[in-house]
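Colleague: compute the structure for the input listed below.
(one chain, ligands or ions: 2)
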Amino acid sequence: MGKAKRSYTADHGVRSLNPSSPSPARRAALAVDALRHGWPLRFLNEGGEAITLLPVETAIATDATSGNMLISAARAATLKLANQIEAAVPHAPVLIRGGDPFSLSEALPIADPALDLRHPFKGPFRAEALDWADTAQAALELARIAGILPAFLVDPDQGGEAQELLAGDVEARADTGLLKIASRARLPVHATEEAELVAFRSTEDMREHVALVIGRNEGSGTPLVRLHSECLTGDVLGSLKCDCGPQLDAALHAMAEEAKKGGWGVLLYMRQEGRGIGLINKMRAYSLQDQGFDTVEANQRLGLPDEARDFPVAARMLGLLGVDTIRLMTNNPAKVDALENAGVSVAERVQHQLPDNPFNARYLATKRDKSGHLLK
Ligand SMILES: Nc1nc2c(ncn2[C@@H]2O[C@H](COP(=O)(O)OP(=O)(O)OP(=O)(O)O)[C@@H](O)[C@H]2O)c(=O)[nH]1
Ligand SMILES: [Zn+2]
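Modeller: Ligands and ions are numbered 1, 2, ... in the order given. Modelled structure (predicted):
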(Lines give C-alpha, C1' and ligand atoms only; values in the text may rest on other atoms or scores of the structure.)
(Ligands and ions follow the chains in the order given, each with its own letter.)
Protein backbone atom coordinates (compact mmCIF):
# COMPACT_ATOMS: atom_id res chain seq x y z
CA MET A 1 0.00 0.00 0.00
CA GLY A 2 1.35 3.43 -0.88
CA LYS A 3 1.36 6.30 1.55
CA ALA A 4 -1.33 8.86 0.80
CA LYS A 5 0.03 12.22 -0.25
CA ARG A 6 -2.37 14.81 1.07
CA SER A 7 -2.12 18.22 -0.44
CA TYR A 8 -3.69 21.12 1.39
CA THR A 9 -5.22 23.96 -0.52
CA ALA A 10 -5.65 27.30 1.20
CA ASP A 11 -9.12 26.15 2.20
CA HIS A 12 -7.85 22.97 3.81
CA GLY A 13 -4.91 24.50 5.61
CA VAL A 14 -3.91 24.37 9.25
CA ARG A 15 -6.44 26.06 11.50
CA SER A 16 -8.42 25.44 14.65
CA LEU A 17 -12.10 25.38 15.44
CA ASN A 18 -13.70 28.76 15.77
CA PRO A 19 -13.97 29.51 19.54
CA SER A 20 -17.58 30.58 19.08
CA SER A 21 -18.36 27.22 17.47
CA PRO A 22 -21.34 25.29 18.89
CA SER A 23 -20.99 22.59 21.58
CA PRO A 24 -19.79 19.08 20.58
CA ALA A 25 -23.33 17.66 20.73
CA ARG A 26 -24.59 20.46 18.57
CA ARG A 27 -21.77 20.04 16.06
CA ALA A 28 -22.54 16.30 15.86
CA ALA A 29 -26.24 17.02 15.28
CA LEU A 30 -25.40 19.60 12.62
CA ALA A 31 -23.05 17.07 10.99
CA VAL A 32 -25.79 14.42 10.72
CA ASP A 33 -28.09 17.05 9.29
CA ALA A 34 -25.40 18.12 6.83
CA LEU A 35 -24.98 14.54 5.60
CA ARG A 36 -28.72 14.21 5.02
CA HIS A 37 -28.62 17.46 3.05
CA GLY A 38 -25.58 16.35 1.06
CA TRP A 39 -23.26 18.98 2.51
CA PRO A 40 -19.62 18.16 3.21
CA LEU A 41 -18.12 17.80 6.69
CA ARG A 42 -14.86 19.46 7.60
CA PHE A 43 -13.11 17.61 10.40
CA LEU A 44 -10.46 19.52 12.31
CA ASN A 45 -8.01 17.31 14.13
CA GLU A 46 -5.94 18.10 17.18
CA GLY A 47 -3.00 19.21 15.09
CA GLY A 48 -5.33 21.76 13.54
CA GLU A 49 -5.26 20.02 10.15
CA ALA A 50 -8.55 19.89 8.25
CA ILE A 51 -10.04 17.07 6.19
CA THR A 52 -13.16 17.68 4.15
CA LEU A 53 -15.45 14.74 3.41
CA LEU A 54 -18.31 14.89 0.93
CA PRO A 55 -21.00 12.18 1.30
CA VAL A 56 -21.13 10.28 -1.99
CA GLU A 57 -24.79 9.26 -1.79
CA THR A 58 -26.39 12.60 -0.99
CA ALA A 59 -23.89 15.22 -2.28
CA ILE A 60 -25.55 18.13 -4.00
CA ALA A 61 -22.30 19.55 -5.37
CA THR A 62 -22.67 17.57 -8.57
CA ASP A 63 -19.39 18.80 -10.12
CA ALA A 64 -17.30 17.68 -7.16
CA THR A 65 -14.27 15.49 -7.87
CA SER A 66 -11.56 13.98 -5.72
CA GLY A 67 -8.48 11.79 -6.09
CA ASN A 68 -9.41 9.83 -2.96
CA MET A 69 -12.47 8.09 -1.60
CA LEU A 70 -13.10 6.90 1.93
CA ILE A 71 -15.04 3.63 2.05
CA SER A 72 -15.55 0.76 4.47
CA ALA A 73 -13.13 -2.14 4.80
CA ALA A 74 -15.91 -4.51 3.77
CA ARG A 75 -16.48 -2.59 0.56
CA ALA A 76 -12.75 -2.37 -0.04
CA ALA A 77 -12.55 -6.15 0.39
CA THR A 78 -15.21 -6.75 -2.26
CA LEU A 79 -13.25 -4.42 -4.55
CA LYS A 80 -10.19 -6.59 -3.69
CA LEU A 81 -8.50 -3.66 -1.96
CA ALA A 82 -8.35 -4.54 1.70
CA ASN A 83 -6.42 -7.28 3.33
CA GLN A 84 -8.11 -9.81 5.62
CA ILE A 85 -7.05 -8.02 8.79
CA GLU A 86 -8.73 -4.80 7.71
CA ALA A 87 -11.82 -6.61 6.47
CA ALA A 88 -12.19 -8.33 9.86
CA VAL A 89 -13.90 -5.12 11.02
CA PRO A 90 -16.23 -4.58 8.07
CA HIS A 91 -17.18 -1.04 9.04
CA ALA A 92 -13.57 0.13 9.53
CA PRO A 93 -12.45 2.88 7.12
CA VAL A 94 -10.21 2.42 4.07
CA LEU A 95 -8.81 5.15 1.82
CA ILE A 96 -8.69 4.39 -1.91
CA ARG A 97 -7.36 6.11 -5.02
CA GLY A 98 -8.20 5.51 -8.67
CA GLY A 99 -6.31 6.35 -11.86
CA ASP A 100 -8.29 9.54 -12.50
CA PRO A 101 -10.14 11.66 -9.94
CA PHE A 102 -13.53 10.29 -8.93
CA SER A 103 -16.65 12.17 -10.00
CA LEU A 104 -19.80 11.59 -7.95
CA SER A 105 -21.40 9.47 -10.67
CA GLU A 106 -18.32 7.25 -10.69
CA ALA A 107 -18.15 7.19 -6.92
CA LEU A 108 -21.73 5.98 -6.35
CA PRO A 109 -21.35 2.46 -7.79
CA ILE A 110 -18.05 2.17 -5.91
CA ALA A 111 -19.90 3.09 -2.71
CA ASP A 112 -22.99 0.94 -3.14
CA PRO A 113 -22.59 -2.85 -3.34
CA ALA A 114 -26.27 -3.17 -4.21
CA LEU A 115 -25.39 -1.66 -7.62
CA ASP A 116 -22.68 -4.24 -8.40
CA LEU A 117 -24.79 -6.27 -10.83
CA ARG A 118 -25.61 -3.13 -12.81
CA HIS A 119 -22.02 -1.81 -12.66
CA PRO A 120 -19.80 -4.88 -12.64
CA PHE A 121 -16.59 -3.25 -13.94
CA LYS A 122 -14.79 -0.77 -11.72
CA GLY A 123 -11.23 0.23 -11.06
CA PRO A 124 -8.39 -0.30 -10.96
CA PHE A 125 -8.00 1.28 -7.54
CA ARG A 126 -5.41 1.02 -4.84
CA ALA A 127 -5.67 1.38 -1.10
CA GLU A 128 -3.55 4.02 0.60
CA ALA A 129 -2.37 4.38 4.18
CA LEU A 130 -4.81 6.28 6.33
CA ASP A 131 -3.16 8.45 8.97
CA TRP A 132 -6.41 10.02 10.18
CA ALA A 133 -8.23 6.84 11.21
CA ASP A 134 -10.22 8.38 14.11
CA THR A 135 -11.63 11.05 11.83
CA ALA A 136 -12.43 8.49 9.16
CA GLN A 137 -14.13 6.21 11.68
CA ALA A 138 -16.20 9.12 13.00
CA ALA A 139 -17.27 9.99 9.46
CA LEU A 140 -18.44 6.44 8.74
CA GLU A 141 -20.33 6.35 12.05
CA LEU A 142 -22.05 9.66 11.22
CA ALA A 143 -23.02 8.22 7.83
CA ARG A 144 -24.59 5.23 9.59
CA ILE A 145 -26.51 7.54 11.95
CA ALA A 146 -27.66 9.63 8.98
CA GLY A 147 -28.81 6.42 7.25
CA ILE A 148 -26.66 6.99 4.15
CA LEU A 149 -23.94 4.94 2.44
CA PRO A 150 -20.65 4.99 4.35
CA ALA A 151 -18.61 6.56 1.54
CA PHE A 152 -17.04 9.99 1.02
CA LEU A 153 -14.99 11.96 -1.48
CA VAL A 154 -11.91 13.19 0.40
CA ASP A 155 -10.92 16.87 0.18
CA PRO A 156 -13.00 17.30 -2.97
CA ASP A 157 -12.71 20.11 -5.46
CA GLN A 158 -15.99 22.02 -5.63
CA GLY A 159 -17.55 20.15 -2.69
CA GLY A 160 -19.45 23.18 -1.41
CA GLU A 161 -19.63 24.80 2.01
CA ALA A 162 -18.70 22.40 4.79
CA GLN A 163 -19.96 21.82 8.33
CA GLU A 164 -17.11 21.90 10.85
CA LEU A 165 -16.61 19.43 13.66
CA LEU A 166 -14.08 17.33 15.58
CA ALA A 167 -13.91 13.54 15.37
CA GLY A 168 -14.70 13.21 19.10
CA ASP A 169 -18.00 15.12 18.72
CA VAL A 170 -19.75 11.89 17.69
CA GLU A 171 -19.51 10.63 21.28
CA ALA A 172 -21.48 13.64 22.54
CA ARG A 173 -24.55 12.09 20.94
CA ALA A 174 -24.57 9.30 23.50
CA ASP A 175 -26.36 11.33 26.20
CA THR A 176 -29.70 9.56 26.79
CA GLY A 177 -30.48 11.86 29.75
CA LEU A 178 -32.01 14.35 27.34
CA LEU A 179 -34.85 11.98 26.45
CA LYS A 180 -38.13 13.09 28.05
CA ILE A 181 -41.77 12.06 28.01
CA ALA A 182 -43.38 14.54 25.63
CA SER A 183 -47.00 13.41 25.67
CA ARG A 184 -49.26 10.53 26.70
CA ALA A 185 -52.79 9.56 25.78
CA ARG A 186 -55.19 6.62 25.99
CA LEU A 187 -54.99 4.48 22.84
CA PRO A 188 -57.40 1.58 22.49
CA VAL A 189 -55.85 -0.96 20.07
CA HIS A 190 -56.95 -4.23 18.45
CA ALA A 191 -55.34 -6.30 21.16
CA THR A 192 -56.87 -4.37 24.06
CA GLU A 193 -58.83 -1.25 24.87
CA GLU A 194 -56.81 -0.80 28.02
CA ALA A 195 -53.70 0.87 26.59
CA GLU A 196 -51.89 4.18 26.81
CA LEU A 197 -49.38 5.52 24.30
CA VAL A 198 -46.44 7.42 25.75
CA ALA A 199 -44.33 9.45 23.32
CA PHE A 200 -40.74 10.44 23.98
CA ARG A 201 -38.62 13.20 22.58
CA SER A 202 -34.95 14.03 22.82
CA THR A 203 -33.33 17.23 21.70
CA GLU A 204 -30.44 14.99 20.56
CA ASP A 205 -32.42 12.84 18.18
CA MET A 206 -35.17 13.58 15.69
CA ARG A 207 -36.65 10.09 16.04
CA GLU A 208 -39.71 9.95 18.29
CA HIS A 209 -39.82 6.66 20.16
CA VAL A 210 -43.05 5.47 21.79
CA ALA A 211 -44.13 3.03 24.46
CA LEU A 212 -47.52 1.36 24.57
CA VAL A 213 -48.41 0.62 28.17
CA ILE A 214 -51.01 -2.14 28.46
CA GLY A 215 -52.90 -2.64 31.69
CA ARG A 216 -52.12 -0.68 34.79
CA ASN A 217 -49.01 -0.36 36.86
CA GLU A 218 -50.61 -0.49 40.25
CA GLY A 219 -48.05 -2.53 42.08
CA SER A 220 -49.09 -5.32 39.73
CA GLY A 221 -45.70 -7.01 39.52
CA THR A 222 -42.92 -7.14 36.99
CA PRO A 223 -44.18 -6.05 33.56
CA LEU A 224 -43.94 -8.12 30.42
CA VAL A 225 -41.82 -6.03 28.04
CA ARG A 226 -41.15 -6.26 24.33
CA LEU A 227 -38.43 -4.09 22.83
CA HIS A 228 -39.56 -3.85 19.24
CA SER A 229 -37.39 -2.12 16.66
CA GLU A 230 -39.13 -0.33 13.83
CA CYS A 231 -39.59 -2.37 10.69
CA LEU A 232 -41.69 -0.43 8.21
CA THR A 233 -41.73 -3.35 5.79
CA GLY A 234 -42.83 -5.89 8.39
CA ASP A 235 -44.92 -3.78 10.77
CA VAL A 236 -46.90 -1.82 8.20
CA LEU A 237 -46.68 -3.63 4.88
CA GLY A 238 -46.85 -7.19 6.17
CA SER A 239 -43.49 -8.22 4.70
CA LEU A 240 -42.87 -11.96 4.82
CA LYS A 241 -39.08 -11.51 4.79
CA CYS A 242 -38.86 -11.11 8.57
CA ASP A 243 -40.86 -12.00 11.68
CA CYS A 244 -41.40 -8.43 12.95
CA GLY A 245 -45.10 -8.05 12.16
CA PRO A 246 -46.23 -11.32 13.78
CA GLN A 247 -43.91 -10.69 16.74
CA LEU A 248 -45.41 -7.24 17.28
CA ASP A 249 -48.93 -8.56 17.10
CA ALA A 250 -48.23 -11.54 19.38
CA ALA A 251 -46.48 -9.32 21.93
CA LEU A 252 -49.48 -6.99 22.16
CA HIS A 253 -51.85 -9.93 22.60
CA ALA A 254 -49.62 -11.52 25.25
CA MET A 255 -49.61 -8.24 27.19
CA ALA A 256 -53.38 -7.93 26.84
CA GLU A 257 -53.72 -11.41 28.36
CA GLU A 258 -51.36 -10.38 31.12
CA ALA A 259 -53.49 -7.31 31.85
CA LYS A 260 -56.63 -9.47 32.05
CA LYS A 261 -54.89 -11.41 34.81
CA GLY A 262 -54.09 -8.21 36.72
CA GLY A 263 -50.58 -7.80 35.32
CA TRP A 264 -49.29 -5.28 32.83
CA GLY A 265 -46.99 -4.88 29.86
CA VAL A 266 -44.90 -2.32 28.01
CA LEU A 267 -44.18 -2.38 24.29
CA LEU A 268 -41.22 -0.16 23.44
CA TYR A 269 -41.43 0.83 19.80
CA MET A 270 -37.95 2.02 18.94
CA ARG A 271 -37.44 4.05 15.77
CA GLN A 272 -34.27 2.18 14.91
CA GLU A 273 -35.18 0.73 11.52
CA GLY A 274 -33.09 -2.09 10.16
CA ARG A 275 -31.39 -2.66 13.52
CA GLY A 276 -30.17 0.93 13.37
CA ILE A 277 -28.97 1.25 9.74
CA GLY A 278 -32.11 3.02 8.50
CA LEU A 279 -34.76 2.06 5.97
CA ILE A 280 -32.84 2.84 2.80
CA ASN A 281 -29.73 0.95 3.85
CA LYS A 282 -32.00 -1.93 4.90
CA MET A 283 -33.47 -1.93 1.39
CA ARG A 284 -29.91 -2.16 0.03
CA ALA A 285 -29.34 -5.09 2.39
CA TYR A 286 -32.51 -6.72 1.03
CA SER A 287 -31.26 -6.24 -2.51
CA LEU A 288 -28.00 -7.98 -1.52
CA GLN A 289 -30.04 -10.75 0.12
CA ASP A 290 -31.75 -11.26 -3.24
CA GLN A 291 -28.25 -11.84 -4.63
CA GLY A 292 -27.71 -14.63 -2.11
CA PHE A 293 -26.15 -12.94 0.93
CA ASP A 294 -27.67 -13.56 4.35
CA THR A 295 -28.86 -10.78 6.66
CA VAL A 296 -25.53 -10.48 8.52
CA GLU A 297 -23.38 -10.65 5.38
CA ALA A 298 -25.58 -8.09 3.62
CA ASN A 299 -25.10 -5.48 6.37
CA GLN A 300 -21.41 -6.18 6.51
CA ARG A 301 -21.06 -5.91 2.75
CA LEU A 302 -22.59 -2.46 3.01
CA GLY A 303 -19.86 -1.55 5.51
CA LEU A 304 -22.43 -1.27 8.29
CA PRO A 305 -22.60 -3.06 11.65
CA ASP A 306 -25.14 -5.90 11.67
CA GLU A 307 -26.31 -4.59 15.08
CA ALA A 308 -26.37 -0.81 15.44
CA ARG A 309 -29.26 -0.25 17.82
CA ASP A 310 -29.03 2.11 20.76
CA PHE A 311 -30.22 0.06 23.75
CA PRO A 312 -29.48 2.69 26.45
CA VAL A 313 -32.32 4.76 24.94
CA ALA A 314 -34.71 1.86 25.59
CA ALA A 315 -33.43 1.62 29.16
CA ARG A 316 -33.98 5.34 29.62
CA MET A 317 -37.58 4.99 28.35
CA LEU A 318 -38.23 2.24 30.89
CA GLY A 319 -36.69 4.41 33.60
CA LEU A 320 -38.99 7.31 32.70
CA LEU A 321 -41.93 4.91 32.98
CA GLY A 322 -40.73 3.93 36.45
CA VAL A 323 -39.73 0.40 35.39
CA ASP A 324 -36.46 -1.09 36.57
CA THR A 325 -37.16 -4.84 36.40
CA ILE A 326 -38.75 -6.57 33.43
CA ARG A 327 -39.71 -9.89 31.90
CA LEU A 328 -38.34 -9.49 28.41
CA MET A 329 -39.99 -11.11 25.40
CA THR A 330 -37.11 -12.00 23.09
CA ASN A 331 -35.15 -14.84 21.53
CA ASN A 332 -32.03 -12.69 21.47
CA PRO A 333 -29.69 -13.10 24.47
CA ALA A 334 -27.66 -10.10 23.25
CA LYS A 335 -30.75 -7.92 23.79
CA VAL A 336 -30.98 -9.16 27.37
CA ASP A 337 -27.28 -8.34 27.90
CA ALA A 338 -27.59 -4.94 26.25
CA LEU A 339 -30.49 -3.94 28.50
CA GLU A 340 -28.76 -5.32 31.61
CA ASN A 341 -25.65 -3.33 30.68
CA ALA A 342 -27.83 -0.25 30.39
CA GLY A 343 -29.08 -0.75 33.96
CA VAL A 344 -32.33 -2.70 33.45
CA SER A 345 -32.79 -5.84 35.49
CA VAL A 346 -34.15 -8.69 33.33
CA ALA A 347 -35.87 -11.06 35.75
CA GLU A 348 -36.92 -13.45 33.00
CA ARG A 349 -36.44 -13.98 29.26
CA VAL A 350 -39.76 -14.98 27.72
CA GLN A 351 -39.38 -16.92 24.45
CA HIS A 352 -40.99 -15.02 21.55
CA GLN A 353 -40.78 -17.33 18.56
CA LEU A 354 -43.43 -17.25 15.83
CA PRO A 355 -43.94 -19.76 13.01
CA ASP A 356 -41.66 -19.19 10.03
CA ASN A 357 -42.62 -18.99 6.35
CA PRO A 358 -40.72 -19.81 3.12
CA PHE A 359 -39.53 -16.18 2.83
CA ASN A 360 -38.15 -15.68 6.32
CA ALA A 361 -36.86 -19.20 7.11
CA ARG A 362 -33.30 -18.36 6.04
CA TYR A 363 -33.38 -15.04 7.92
CA LEU A 364 -34.41 -16.83 11.10
CA ALA A 365 -31.83 -19.59 10.57
CA THR A 366 -29.13 -16.93 10.20
CA LYS A 367 -30.29 -15.27 13.43
CA ARG A 368 -29.96 -18.65 15.13
CA ASP A 369 -26.64 -19.68 13.56
CA LYS A 370 -24.79 -16.37 13.41
CA SER A 371 -26.43 -13.94 15.83
CA GLY A 372 -26.96 -16.33 18.73
CA HIS A 373 -30.76 -16.24 18.80
CA LEU A 374 -32.33 -19.04 20.79
CA LEU A 375 -34.64 -20.37 18.08
CA LYS A 376 -35.84 -23.93 17.67
N1 LIG B 1 -30.39 -4.65 8.58
C2 LIG B 1 -31.41 -5.49 8.58
N3 LIG B 1 -32.37 -5.30 9.48
C4 LIG B 1 -33.40 -6.16 9.50
C5 LIG B 1 -33.50 -7.23 8.59
N6 LIG B 1 -34.66 -7.88 8.86
C7 LIG B 1 -35.24 -7.24 9.88
N8 LIG B 1 -34.48 -6.20 10.27
C9 LIG B 1 -34.67 -5.26 11.34
O10 LIG B 1 -34.50 -5.96 12.58
C11 LIG B 1 -35.24 -5.30 13.57
C12 LIG B 1 -36.07 -6.32 14.27
O13 LIG B 1 -35.31 -7.03 15.15
P14 LIG B 1 -36.06 -7.64 16.43
O15 LIG B 1 -37.39 -8.23 16.07
O16 LIG B 1 -35.97 -6.67 17.55
O17 LIG B 1 -35.19 -8.88 16.62
P18 LIG B 1 -33.99 -9.32 17.43
O19 LIG B 1 -33.33 -8.40 18.35
O20 LIG B 1 -33.09 -9.84 16.39
O21 LIG B 1 -34.57 -10.53 18.30
P22 LIG B 1 -35.99 -10.84 18.97
O23 LIG B 1 -36.14 -9.94 20.14
O24 LIG B 1 -35.82 -12.24 19.34
O25 LIG B 1 -37.04 -10.63 17.91
C26 LIG B 1 -36.09 -4.27 12.89
O27 LIG B 1 -35.52 -2.98 13.08
C28 LIG B 1 -36.04 -4.68 11.42
O29 LIG B 1 -36.18 -3.58 10.54
C30 LIG B 1 -32.46 -7.40 7.65
O31 LIG B 1 -32.43 -8.34 6.85
N32 LIG B 1 -31.44 -6.51 7.68
ZN1 LIG C 1 -38.88 -6.84 10.03
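Colleague: the helix of greatest length in the chain: which residues count as buried?
Modeller: The longest helix of the chain (DSSP state H) is helix 244-260. For helix 244-260, a neighbour-count test (16 or more other Cβ atoms under 10 Å) marks 244-248, 250-252, 254-259 as buried. (Glycine included, C-beta is placed from N, CA and C.)
Colleague: burial count for the closest residue to Arg316 other than its chain neighbours?
Modeller: Nearest residue to Arg316, sequence neighbours excluded (Cβ to Cβ, 6 or more residues apart in numbering): Thr176, at 4.1 Å. Using other Cβ atoms under 10 Å, Thr176 has 19 neighbouring residues.
Colleague: now Arg368
Modeller: Number of residues near Arg368 (other Cβ under 10 Å) recorded here: 14.
Colleague: where does it land in three-state SS?
Modeller: With DSSP: H, G, I helix; E, B strand; the rest coil as the basis, Arg368 sits in helix.
Colleague: cool, and Arg309?
Modeller: Assigned with three-state DSSP, Arg309 falls in the coil class.
Colleague: residues touching it, list them.
Modeller: By Cβ atoms under 8 Å, 6 or more residues apart in numbering, Arg309 lies in contact with Ser229, Met270, Gln272, Arg275, Gly276, Ala338.
Colleague: who in the stretch 151-300 of the chain is up against ligand 2?
Modeller: Residues of the stretch 151-300 of the chain that fall close to ligand 2, judged by Cβ under 5 Å from the ion: Cys231, Gly234, Cys242, Cys244.
Colleague: please identify the helix or strand for the third one.
Modeller: Which is Cys242. Taking DSSP states H and E as the definition, Cys242 sits outside all helices and strands.
Colleague: next one: Gln137
Modeller: Taking DSSP H and E as the criterion, Gln137 maps to helix 133-146.
Colleague: for that helix, packing partners?
Modeller: The helices and strands touching helix 133-146, judged by 3 or more Cβ pairs under 8 Å, 6 or more residues apart in numbering; DSSP states H and E, are helix 24-37, strand 41-44, strand 50-55, strand 65-72, strand 93-103.
Colleague: pLDDT weak spots in the protein?
Modeller: The chain contains residues with pLDDT under 70 at 1-20, 46, 82-88, 174, 220.
Colleague: and the helices in it?
Modeller: Using DSSP H, the helices of the chain run over residues 24-37, 73-78, 84-87, 104-111, 133-146, 244-260, 273-276, 279-290, 295-301, 311-320, 333-341, 361-370.
Colleague: ok, back up a step: dump the residue contacts of the residue nearest to Arg316.
Modeller: Taking Cβ under 8 Å, 6+ apart as the criterion, Thr176 is in contact with Ser202, Asp310, Pro312, Val313, Ala315, Arg316.
Colleague: which of those sit farthest apart?
Modeller: The widest separation within the contacts of Thr176, taken as Cβ to Cβ, falls between Ser202 and Ala315 and amounts to 13.5 Å.
Colleague: of these two, who's got more company?
Modeller: Remark: of Ser202 and Ala315, Ala315 carries more neighbours, 23 against 19, as counted by other Cβ under 10 Å.
Colleague: ok, now how distant is that one from Ile145?
Modeller: Separation of Ala315 from Ile145 (Cβ to Cβ, to the nearest Å) stands at 19 Å.
Colleague: just give the nearest non-adjacent residue to Leu81, would you?
Modeller: In space, and not counting its chain neighbours, Leu81 is closest to Ala127: 4.6 Å by Cβ to Cβ, 6+ apart.
Colleague: give the contact list for the nearest residue to Ala133 once chain neighbours are set aside.
Modeller: Using Cβ to Cβ, 6+ apart and skipping residues adjacent in sequence, the residue nearest Ala133 is Pro93, 6.5 Å away. Residues in contact with Pro93 (Cβ under 8 Å, 6+ apart) are Leu70, Ile71, Ser72, Ala73, Leu130, Ala133, Ala136, Gln137, Ala139, Leu140.
Colleague: can you select the buried ones from the residues you listed in PyMOL?
Modeller: Entered in PyMOL, the line below selects the buried ones among the contacts of Pro93, by 16+ other Cβ under 10 Å:
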select buried, resi 70+71+72+73+130+136+137+139+140
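Colleague: need the contacts of Pro93 in JSON lines (columns: distance to Arg327).
Modeller: As requested, those are exported to JSON lines (distance: Cβ to Cβ, whole Å):
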{"residue": "Leu70", "distance to Arg327": "44"}
{"residue": "Ile71", "distance to Arg327": "43"}
{"residue": "Ser72", "distance to Arg327": "38"}
{"residue": "Ala73", "distance to Arg327": "40"}
{"residue": "Leu130", "distance to Arg327": "46"}
{"residue": "Ala133", "distance to Arg327": "43"}
{"residue": "Ala136", "distance to Arg327": "42"}
{"residue": "Gln137", "distance to Arg327": "37"}
{"residue": "Ala139", "distance to Arg327": "40"}
{"residue": "Leu140", "distance to Arg327": "37"}
